[in-house]
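In: Starting from these lines, generate the structure:
(one chain, ligands or ions: 1)
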Amino acid sequence: MAKLSFSSWFAHYPARLLGGLGLSLACWGWGELGSIAAAHVVKIQDSGDILLTYDPPAIAEHQAIYESLASNGFFDALVDELNTDLAFPQDIQITFTECGEVNAFYYPDYVEVTMCYELLEQFIYIFGVEDGTDGFDDAVIDASLFTFFHELGHALVHQYELPITGREEDAVDDFAAVMLIDIYGDEAGLLSGMWQFESEAIEEQENLADLPYWGEHSLSTQRFYNTACLIYGSEPNTYEFLIEEGALPEDRAERCPAEYEQKSRAWFTLLERFWQGE
Ligand SMILES: [Zn+2]
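Out: Residues are numbered from 1 along each chain as shown. From the prediction side, this is the model:
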């Protein structure tokens with residue numbers, strides 16, 4: 001998947017917007033428009049980093065997940081890149097650990113994200129990959145990546161005091177998708193996030209009487225379609241198979257390129273003050 005840099009996104013967006021209004025841009029370079037957009041942004045001081053920890057587990061089943069995370073270096077490299085790209089007002093701790101429940105959290109009081117081995121274990125089980133087989137390291141990364149960005153999204157909403165309208169849970173799902181599509185280009189992690197919602201959606205369909213309509217999160221069925229819509233909308237030709245395989249109904253797909261553009265623009269705009277990478 002093409003990886004878009006932050007500055008190149010701003011360079012192409014105003015051109016697309018003004019082009020849509022029918023204005024002639026023959027005497028303007030796209031890059032000039034991008035730098036005009038960037039010139040008015042006051043950046044924040046970088047006073048913190050993401051700190052990453054993998055806690056050794058007490059339960060034997062989590063040992064292979066812990067060892068894979070600690071040895072493959074994927075999240076260490078990703079965190080290095082995030083620390084280069086983003087300015088933080090203070091440190092944000094991200095800890096992979098045993099929680100005693102299948103979940104992941106952001107704790108505003110401690111400025112800490114917790115990624116539970118139990119959740120990763122469940123997602124790896126969905127992928128059907130056994131510990132000790134060739135694909136295990138990739139499965140551990142794919143099981144973690146969407147949730148990692150979802151929880152980081154909560155941390156950024158809190159730390160940057162971002163103005164979010166609508167439900168924060170939906171907004172940070174969009175953040176995870178936009179980051180994985182546009183900035184950190186990770187198709188496997190992105191599609192894995194979508195399939196994780198699908199597996200939870202199947203469970204929902206089996207327990208229709210107990211659906212948590214009162215919950216903060218959209219139903220997993222909706223999170224599945226929303227994620228599928230953003231993926232398809234980002235590159236309709238590449239992800240045509242989502243329609244063909246029935247993951248995305250035609251009725252929704254029609255508007256997905258515009259939905260993707262809207263979500264992507266919203267997150268790029270919200271993050272512009274805090275972005276220090278290319
Ligand atoms: Zn959440």
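
In: What are the boundaries of the strands in the stretch 1-150 of the chain?
Out: 50-54, 92-97, 104-107, 112-116 (DSSP state E, counting those that start in this stretch).

In: how about these, which one is nearest residue 204?
Out: For these, the distance to residue 204 is smallest for strand 104-107, at 18.8 Å, taking C-beta to C-beta. Quick note: C-beta positions are derived from backbone N, CA and C, even for glycine.

In: Which elements pack onto the closest one?
Out: strand 112-116, helix 136-159 (3 or more C-beta pairs under 8 Å, 6 or more residues apart in numbering; DSSP states H and E).

In: run the last query once more with 10 Å
Out: Applying 3 or more C-beta pairs under 10 Å, 6 or more residues apart in numbering; DSSP states H and E, one finds that strand 104-107 contacts strand 92-97, strand 112-116, helix 117-127, helix 136-159.

In: mind showing which ranges of the stretch 51-200 of the chain have poor pLDDT?
Out: Applying pLDDT under 70 to the stretch 51-200 of the chain flags no residue at all.

In: one step back: make a markdown table from the strands of the stretch 1-150 of the chain and add distance to residue 250 and mean neighbour count to it.
Out: Formatted as a markdown table, these follow (distance: least, C-beta to C-beta, whole Å; neighbours: other C-beta atoms under 10 Å):
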| stretch | distance to residue 250 | mean neighbour count |
| --- | --- | --- |
| strand 50-54 | 40 | 17 |
| strand 92-97 | 39 | 20 |
| strand 104-107 | 33 | 17 |
| strand 112-116 | 36 | 21 |
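
In: And these: which comes nearest residue 74?
Out: That would be strand 50-54 among the strands of the stretch 1-150 of the chain, by C-beta to C-beta, at 10.8 Å.

In: which residues sit against that closest one?
Out: If you take C-beta atoms under 10 Å, 6 or more residues apart in numbering as the criterion, strand 50-54 is touched by 65-71, 75-76, 78-80, 82-83, 86, 88, 91-97, 111-113, 115, 117, 152, 155.

In: Separate out the buried members of those.
Out: By neighbour count, with 16 or more other C-beta atoms under 10 Å, these hold 65-69, 75, 78-79, 82-83, 86, 88, 92-97, 111-113, 115, 117, 152, 155 as buried.
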